[in-house]
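>>> kindly generate the corresponding structure for this input.
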Amino acid sequence: MTLQIRAIAIYSHHGERRDVRFSLGALNIVTGASKTGKSALLDIVDYCWGRSECTVAEGEIRRGVSWFAVIFDNDGEGILVARRNPGPAGKASDEIYFERNVEDFPETTAPLVKNSTADGLRQRLSAILGVAENLYIPEPGTTRRPLDASASQAIFFCLQNQDEIASRRLLFHRQGEERIPQAIKDTLPYFVGAMGEDHFLKQKRYEDARRRLRALERSYADALALTDEAAGTARSLLQEAKRVGLLDLDASADSLEGVRVLLGQAAGPRSLEYARTDDPAADLTDLEERRRRLRIELQELRDDIKDLQRLTSEASEFETEAREQQARLASIELISHDKAGHETCPLCDSNLAVAVPAVDEIRKSLGRLDRQLSAVRRDNPRLQGQIAELETKRTRLEGELTIVQGDISTRIADNERLRIEQDQFTEQARVAGRVGYYLENARTLSDGEGLRLQLARVRAEVGELEAALDQEAMEERLTTALGLIGRDITDYAGRLELEHGENSLRLDRKNLTVVADTINGPLFLYQIGSGENWVGYHVAAHLALHKLFRTLNRPVPAFVMLDQPSQAHYPKEKDVGEISGAEDEDQVAVARLYRLLLDYCLSMTPTMQIIVADHVDLLQEWFQESSVERWRDGIKLVPMTWLR
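Numbers count the residues shown, from 1 in each chain. Sure, this is the predicted structure:
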């Protein structure tokens, strides 16, 4: 498997297309002035690989491009990945198009319809790379989660943007981001081949065997404990079974075997028979509602009776007062009828200072009182009859209320009885479960040596898998792989004439850096001066890694993209243009770096591709033949016509 880059394309908002094509298994150089879009090529590949953020710089490209696209070549098969530009200030787009077995880019963006998610894209790329199922499990005691190597981590070994390639502290792509360094450390053993392809399957088998071993050990320990304390445990369970009603209270046995027989009866299935209520349809809620209505009706009836009784009382009081008034007025019969006048006393004919009512008027008042008394006497029997009728109704309602209250009390008692029975059944089930567990374990041991033999077989299986998964052996394979990488780093550093390149060099997995082992002790990359050295060691480390990847046919893309490797000699903002490569030390150093890249590709042909974006344009023939794009004199990644 050699996954390389066949071409990169961008589309305008009007559907126009601009391609940048590369040679497979060779050195490809894109040279040009500053601000022409060279660095964006690496960002486009990173974005189309499924990165969660588009890192293409804000400016003409973000404004003028609608879609980014890359065609990868997988041993001759074209794989198209296109992703919409999120636009100025946008972080990322979820519109991703993926297609296999393509020859070229579509002419327009019309066919680019979303058919994949970012996660789905990364999974597809992992499958294309041939990443086998794997899982790195951190050392015991760490809080990190296990991590499986995938295409997401493989790309870290393939890209070096202009801020990374000259860094004294960061060796790999995105190493300065949170959690990325640990991901590189955890997946490096898999990518360099220290972890076999079947390691994951062995790991799963080992974990499964360990789970089975723990379960068998628990069962065996429980069974032994049951055997050692069989008599006491069995008799204790027998007493519990009798207490909760699983056995008759007089059930007993003289031997342990007899106790187990009784326990077997206690643990056997049984039907549940709940107590029946006298009135199954009676519902406590309905009864309480009926009681509430009866109480309301009874209270209303009592209020009516009180109103009638008050009316009767008032009529009786009125009758008494009226009788007294009638008796006083009856005295008019003593008065002469022919005597008139309000100023003369009707009894003694004397003159009065204050006038008194006439006899006729008194008689009229007496007549009115007679009529009122007759009305009271007539209405009183009817009031008494209504009161008697209401009293009879009240007696009936009070009887009904008493019956309902009794039904409620009965229902509550039935419910409480059912609750007690349910609690008893629950307790019986709990005890029956304990009895069944005891009998099962006792039966397991009584079956002979079966459990012991099974335990011995699983222990042997775990031991074999532990040997196959020997962590120390994997670390030894990793040390060997890193040793081979260090040997090649030393070789490349010598060819680049880097400072301390005469010493033994190695890749430090723990700190993710290059270390020179000198007679005075180790020197880390950040302790070595000069930007030329930093760039050179970055290049040497990546070339050495990919040499091992290709030799072992590991599932890592077979390309490296480098951005501005000459910046240590020529500032990235300065366009140096054409140079001979021999006029001064800087030119010689740059020519030496590019010659190493060319010789590396030639030695690895056709399994390795290097793509470089830079300012310099060496006039040497081999450099010119490796140059695929020259962006100067107004030529850029994004044509000026797209921005008008």
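
>>> got the domain boundaries for the protein?
The record's domain parsing of the chain by automatic domain parsing lists 3-198+470-643, 284-414.

>>> any low-confidence regions in the stretch 451-600 of the chain?
469-470, 572-576 (pLDDT under 70).

>>> please enumerate the strands of it.
504-508, 513-518, 521-524, 559-563, 578-579 (DSSP state E, counting those that start in this stretch).

>>> before we move on, what about the stretch 1-150 of the chain?
Using DSSP E, counting those that start in this stretch, strands in the stretch 1-150 of the chain cover 3-12, 17-21, 27-32, 65-74, 77-84, 96-100.

>>> any chance of a markdown table for those strands, columns mean neighbour count?
Where C-beta positions appear, they are placed from N, C-alpha and C, glycine not excepted. What follows is these, written out as a markdown table (neighbours: other C-beta atoms under 10 Å):
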| stretch | mean neighbour count |
| --- | --- |
| strand 3-12 | 22 |
| strand 17-21 | 16 |
| strand 27-32 | 24 |
| strand 65-74 | 22 |
| strand 77-84 | 21 |
| strand 96-100 | 17 |
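
>>> those strands: which one's closest to residue 591?
Closest to residue 591 of the strands of the stretch 1-150 of the chain is strand 27-32 (C-beta to C-beta; 12.5 Å).

>>> elements contacting the closest one?
helix 38-48, helix 585-604, strand 609-614, helix 621-626, strand 627-631 (3 or more C-beta pairs under 8 Å, 6 or more residues apart in numbering; DSSP states H and E).

>>> what strands line up against the last one, and which way round?
Partners of strand 627-631 in the sheet, by DSSP bridges, are strand 27-32 (parallel).

>>> output the strand it pairs with in CSV with nothing but the alpha carbons.
Provided in CSV are the C-alpha atoms of strand 27-32 (Å, rounded to 0.1, in the frame of the first residue of the first chain):
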residue,chain,number,x,y,z
LEU,A,27,10.2,14.9,-5.4
ASN,A,28,7.7,17.7,-6.3
ILE,A,29,8.6,21.3,-5.8
VAL,A,30,6.2,24.3,-5.8
THR,A,31,8.3,27.4,-5.9
GLY,A,32,7.1,31.0,-5.9
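
>>> and that strand, how far from the chain's centre?
46 Å (C-alpha atoms, centre = their mean, to the nearest Å).

>>> contacts for that strand?
20, 22, 38, 41, 575, 594, 597-598, 601, 609-617, 623, 626-632, 635-636 (C-beta atoms under 8 Å, 6 or more residues apart in numbering).

>>> now it and helix 585-604, what's the angle there?
Calculated by axes from the mean of the first three to the mean of the last three C-alpha atoms, to 10 degrees, strand 27-32 forms an angle of 150 degrees with helix 585-604.

>>> from residue 101, how far out is residue 76?
According to C-beta to C-beta, to the nearest Å, residue 76 and residue 101 sit 10 Å apart.

>>> quick one: terminal-to-terminal distance for stretch 65-81?
16 Å (C-alpha to C-alpha, to the nearest Å).

>>> and that stretch, how far from the chain's centre?
That offset, for stretch 65-81, works out to 34 Å (C-alpha atoms, centre = their mean).

>>> and for residue 472, the neighbour number?
7 (other C-beta atoms under 10 Å).

>>> what of the one 4 residues further on?
Here the neighbour count serves as a burial measure; for residue 476 (other C-beta under 10 Å) it reads 12.

>>> so what's it up against?
By C-beta under 8 Å, 6+ apart, residue 476 has no neighbours at all.

>>> circling back to that earlier point, and the strands of the stretch 1-150 of the chain as CSV, adding distance to residue 386?
Converted to CSV, the strands of the stretch 1-150 of the chain look like this (distance: least, C-beta to C-beta, whole Å):
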stretch, distance to residue 386
strand 3-12, 99
strand 17-21, 104
strand 27-32, 114
strand 65-74, 95
strand 77-84, 91
strand 96-100, 91
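
>>> compare the ones you listed and give me the one nearest residue 509.
Nearest to residue 509, of the strands of the stretch 1-150 of the chain and by C-beta to C-beta, is strand 3-12 at 24.4 Å.
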